[in-house]
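Novice: next come a sequence and a model predicted from it.
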Amino acid sequence: MKIHGVNPYVLVSATRASQLKPNWRKPMPVLIRIDGKPEEPSHINMMPIGEGSFRLYLNGVIRKASGTGVGDRVEVEVRFDAKYRSGRAHPMPAWFRTALKKNPAASKNWER
């Protein structure tokens, strides 16, 4: 397990990532376990870093459940989460919607 800024992660090579989902270039929804823990896999999005590689950021809950930390060698179980449905996690705040309406270029880019 390495660290990027303040974020612990495991690097997932392009070859391994393509075994999960070929040609995926956006955040990849996966279910993971670290060293066999927790019992029920945790949902995380692996983040693309270019050339098909991803960083699998490991939050505090997962690190605590697995008893691992930065510098530890870990066994990672990863599988694509086909049930995940993308979309906004939270409704858009009214102040943000108002600002977008005032800026058509920003509004257009937001919908992509």
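Specialist: Right, received. Where do you want to start? Residues are numbered from 1 along each chain as shown.

Novice: ok, then the element right after the longest strand anywhere in the chain?
Specialist: When the chain is parsed with DSSP state E, its longest strand is strand 37-50. Downstream of strand 37-50, the first helix or strand assigned by DSSP states H and E is strand 53-57.

Novice: tell me the first helix or strand C-terminal of that following strand.
Specialist: Next helix or strand after strand 53-57 toward the C-terminus (DSSP H and E): helix 60-66.

Novice: quick one: contacts of the helix or strand just after that following helix?
Specialist: Per DSSP H and E, the first helix or strand lying C-terminal to helix 60-66 is strand 76-80. Contacts with strand 76-80, where a contact means C-beta atoms under 8 Å, 6 or more residues apart in numbering, come from 10, 12, 20-21, 28-34, 36, 41, 46, 56. From N, CA and C alone the C-beta is placed, and that goes for glycine too.

Novice: next, give me the two most distant ones among those residues.
Specialist: Lys21 and Gly36 (23.2 Å; C-beta to C-beta).

Novice: and the two? Which one has more around it.
Specialist: Lys21 (16 against 9; other C-beta atoms under 10 Å).

Novice: how far away is the more buried one from Thr15?
Specialist: Separation of Lys21 from Thr15 (C-beta to C-beta, to the nearest Å) stands at 13 Å.

Novice: so what's the residue count around Ile32?
Specialist: Burial measure for Ile32: 20 neighbouring residues, criterion other C-beta under 10 Å.

Novice: can you give me the angle the helix or strand where it lies makes with strand 53-57?
Specialist: Using DSSP H and E, Ile32 sits within strand 28-34. Strand 28-34 runs at 50 degrees relative to strand 53-57, counting by axes from the mean of the first three to the mean of the last three C-alpha atoms, to 10 degrees.
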